[in-house]
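Colleague: the sequence isn't on hand, but the structure is:
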């Protein structure tokens, strides 16, 4: 069960990070570096909330 939870957490992190990068870069026209940093932070926050919830 722990392995399944870890895999789901990784997938959530990856999915949220990619989508938020596209959002920040394409929609808000932020620079590439800033979009990457914001996307990584946002992905980490969402994954942390997922891990804390369960």
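Modeller: Received, thanks. Note that the structure is predicted; figures quoted are calculated from it, not measured.
Colleague: per-residue pLDDT of the residue nearest in space to the middle of the chain, please?
Modeller: The centroid of the chain falls nearest to residue 43 when counting by C-alpha atoms, centre = their mean (2.0 Å). pLDDT, residue 43: 97.
Colleague: can you check residue 54 too?
Modeller: 73.
Colleague: number the chain from 59, please
Modeller: Okay, using 59 as the starting number, the last item reads as residue 112.
Colleague: nearest spatial neighbour of it, skipping sequence neighbours?
Modeller: residue 63 (6.6 Å; C-beta to C-beta, 6 or more residues apart in numbering). Where C-beta positions appear, they are placed from N, C-alpha and C, glycine not excepted.
Colleague: please apply the same query to residue 79.
Modeller: Leaving out its chain neighbours, the residue that sits closest to residue 79 by C-beta to C-beta, 6+ apart is residue 97, at 3.8 Å.
Colleague: packing partners for the helix or strand where that neighbour lies?
Modeller: Assigned by DSSP states H and E, residue 97 belongs to helix 90-111. On a contact count with 3 or more C-beta pairs under 8 Å, 6 or more residues apart in numbering; DSSP states H and E, helix 90-111 meets helix 60-80.
Colleague: who's in contact with the helix it packs on?
Modeller: 93-94, 96-98, 100-102, 104-105, 108-109, 112 (C-beta atoms under 8 Å, 6 or more residues apart in numbering).
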